Structure formats: C-alpha cells, structure tokens
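K.L.:
sequence plus predicted model, see below.
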Amino acid sequence: SAVISQKPSRDICQRGTSLTIQCQVDSQVTMMFWYRQQPGQSLTLIATANQGSEATYESGFVIDKFPISRPNLTFSTLTVSNMSPEDSSIYLCSVVGESGNQPQHFGDGTRLSIL
Amino acid sequence: QQPVQSPQAVILREGEDAVINCSSSKALYSVHWYRQKHGEAPVFLMILLKGGEQKGHEKISASFNEKKQQSSLYLTASQLSYSGTYFCGSYGGATNKLIFGTGTLLAVQP
C-alpha cells in the first residue's frame, strides 16, 4: 500500500493564524481526501482534493476556511485559516489508489491545538 | 447521513466474542471496516460488496445485508491486539466518498 507522509505531526497555534498541512504520497493515487477527527469522535469528511481543479467540499465546510490544493497525483495541502479554539482537532489525509471503493490509507494525522 | 454503530463501547476478556453492528439510513453500495488504535491512524480491515457476501480474515469476519442497509463485524476469540475503535464506512458509489460511522470502542482485557 501507499506510504503517506503528513506534516506537521502536531502544532500549537494562536487564534487568528493559519496553518498549512501537507500530505505526500510515494506513488500516484487517484483520490485524496481530508478528514477531521475531534477528540473521541468519528472521522468527518472535509473535502475531496481534486487534481488540477477546485476541491469538493462537504456540507459545513467552505473553501475560505479550509482551502485545499492538489497540484499533482502525489501531493495535497489543507490550510486551516483564521483558526479558533473550535478548530482544535486531528486532521487526516487519506488516499485511494483507483476508484473510491477501494481501501483508504491514512496519513498519521496532524494534531492541532489552538490557544 | 452518518451510519450508526452499536454498541458504542464493549469490554471483553481475552477469548470472548463480540459483534459490532452498523446501520445506514441510505442505500449502501458497499461497506468498509476500519480499526483505529489510540493515537494512531485508522487501518483498513475489509470491504463488503453487495450480495450478502461474508468476508473474513482469521478471526475477524463481517457480513453485509444490502436490503436492510446493515453490516456486522464479528470478532471471534478476541485478542488483546483487537482493542481499539472500530468504524464502519458507507460507500455510496456515485459520489466516490466514504462516510464513517459513529464508532465502537472495543477494549479487550487479559
């Protein structure tokens, strides 16, 4: 399976600032996703990162708050903008090799705390 | 709509069996199962496709009833390594995305 490198692994940020999370895969993948997991909760899909076009956002998530880039088939970034304490969470990228109905493989996640 | 899992949590002794259920209000194209250990990323366990096929690996197996929009995960003769949170995922097909269930915390004790 693909090896996924997600950076940073954790960060503590001040409210009102922005942080960009990177997700690098060691092979080309068809689909990349970004999830949020709040403490003790399930994973919530933020958006599907589309290569060469705008990401597809889920209800409750907007591009101004969570801009996503995917310049090629192995790399994506998620920015958490104008952060508030409510954004404290774990952010995970995941990849699928071919169609969506294949196993998803996850990065180790970014643990984000906002002061 | 997020699939609902039951039970929310279960505590077992080593060697005991457990069943985790996943129920969706929407039609399911397929069901995924993942296990997440504390502080780690979720790890893929299996995918079940339409047709009621039961899949398994060693002592962990699962079934999928597409008519009832339900899936169940069966853990037999549980081991300490089975501890973690189990998530089902509903795959809707056309949208190419996975919606994770509410999760079930499983703790296996010696």
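P.N.:
On my side now, so go ahead. Residues are numbered from 1 along each chain as shown, chains lettered A, B, ... in the order given.

K.L.:
wouldn't B:G92 be in contact with B:H32 here?
P.N.:
No. If you go by C-beta atoms under 8 Å, B:G92 and B:H32 don't touch, sitting 11.6 Å apart. For the C-beta atoms, the positions are set from N, CA and C on the backbone; glycine is no exception.

K.L.:
so for the two, which residue has more residues nearby?
P.N.:
Taking neighbours as other C-beta atoms under 10 Å in any protein chain shown, B:G92 and B:H32 compare with B:H32 leading, 26 against 17.

K.L.:
test for you: state the pLDDT assigned to B:Q1.
P.N.:
Model confidence at B:Q1, expressed as pLDDT, equals 83.

K.L.:
how about the residues of chain B by chain A?
P.N.:
Within chain B, the positions near chain A by C-beta under 8 Å from any C-beta of the partner chain are B:2, B:29-30, B:32, B:34, B:40-44, B:47, B:87, B:89, B:91, B:93, B:95-103.

K.L.:
could you redo the last one with a cut-off of 7 Å?
P.N.:
B:29-30, B:41-42, B:44, B:47, B:87, B:91, B:96-103 (C-beta under 7 Å from any C-beta of the partner chain).

K.L.:
max pairwise distance over these: which two?
P.N.:
Greatest spacing in the residues of chain B next to chain A, by C-beta to C-beta: B:Y29 and B:A41 (24.1 Å).

K.L.:
comparing these two, which residue is more hemmed in?
P.N.:
B:A41 (20 against 16).

K.L.:
perfect, I'm done here.
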